[in-house]
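S.K.: give the three-dimensional model of this entry:
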Amino acid sequence: MRALIDARRTVKTPPVDLSKIQDVLNFAIEREKDAVLFYVGLEQYVPEKDRPTVRSIIKAEGTHIVKLSALKKEFA
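M.R.: The predicted structure follows:
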């Protein structure tokens, strides 16, 4: 888990041109993917009784990726 976290960028300021919607959406999609990776890694460390909650969060993050990707296609 630590290697996964260390391997990913930690970004507080978006390194994109916020005036370009495609760049903003690409940045947002990448952050959602990071969230999925985080929760997938976290799942093994939470008690079994709490894993459905983590899986629900993973599913929600996946839904965000789908919605952002659809929005990105609208602006293409």
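S.K.: going forward, measure contacts and count neighbours with C-alpha atoms only.
M.R.: Fine.
S.K.: would you map the helices across the protein?
M.R.: Using DSSP state H, the helices of the chain run over residues 2-7, 21-43, 51-74.
S.K.: any idea how far the residue positioned nearest the centre of the chain is from Arg51?
M.R.: In the chain, the centroid-proximal residue (CA atoms, centre = their mean) is Glu32; its distance is 1.6 Å. Taking CA to CA, to the nearest Å as the measure, Glu32 falls 19 Å from Arg51.
S.K.: ok, Val66 to Tyr45 distance?
M.R.: Val66 sits at a distance of 27 Å from Tyr45 (criterion: CA to CA).
S.K.: repeat for Arg51
M.R.: From Arg51 across to Tyr45, the span is 9 Å (CA to CA).
S.K.: was I right about Asp23 contacting Asp17?
M.R.: Yes - the pair Asp23 / Asp17 is scored as a contact, 6.5 Å apart, by CA atoms under 8 Å.
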